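Visitor: task: produce atomic coordinates for the following.
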Amino acid sequence: MGNGKSTTGNQLIRQALKEKNLKPKKNYQEFYANKSLEAVTRKVEVKELEDINFIDSPGFNDPNKERSDNIIFADIVETVH
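Guide: Now for the predicted structure:
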């Protein structure tokens, strides 16, 4: 079930850009977000903003169980390592 993690991440990035008085790079794309009762995020993604990394990932306890929590956790660790 979608809980708004991607949307929240995008809002945090916009706020950080605003506070640092920065504009996104030309090829910058936000995390994919959509109003849905279904989970939207399928893979771990990282967006870098100077000295801050924003990470979006599939949620744990996904009722669809496309991937186990252990696999999602391993993907997060591999991405940030």
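Visitor: mind giving me the packing neighbours of whichever helix in the chain runs longest?
Guide: What stands out as the longest helix in the chain, according to DSSP state H, is helix 5-19. Here helix 5-19 touches strand 45-49, strand 52-56, going by 3 or more CB pairs under 8 Å, 6 or more residues apart in numbering; DSSP states H and E. No exception for glycine: its C-beta is placed from N, CA and C like everyone else's.
Visitor: pull out the buried residues from it.
Guide: 5-7, 9-10, 13 (16 or more other CB atoms under 10 Å).
Visitor: that older thread, nearest to residue 31, of the helices and strands packed on helix 5-19?
Guide: strand 52-56 (4.4 Å; CB to CB).
Visitor: what sits up against that closest one?
Guide: Contacts with strand 52-56, where a contact means CB atoms under 8 Å, 6 or more residues apart in numbering, come from 5-6, 9, 12-13, 16, 31, 41, 44-48, 76, 79-80.
Visitor: with stretch 33-42 instead?
Guide: 1-2, 4-7, 10, 31-32, 56-59, 62, 64, 66.
Visitor: how far out from the middle of the chain is it?
Guide: Here stretch 33-42 shows a centroid-to-chain-centroid distance of 11 Å under the convention CA atoms, centre = their mean, to the nearest Å.
Visitor: how long is it from one end to the other?
Guide: 11 Å (CA to CA, to the nearest Å).
Visitor: do stretch 33-45 as well
Guide: 12 Å.
Visitor: do stretch 16-28 as well
Guide: OK, stretch 16-28 end separation, CA to CA: 14 Å.
Visitor: assumed residue 74 was part of a helix.
Guide: Yes. Counting by DSSP: H, G, I helix; E, B strand; the rest coil, residue 74 is found in a helix.
Visitor: if I pick it, what's in contact with it?
Guide: Neighbours of residue 74 in contact, by CB under 8 Å, 6+ apart: none.
Visitor: all good on my end, thank you.
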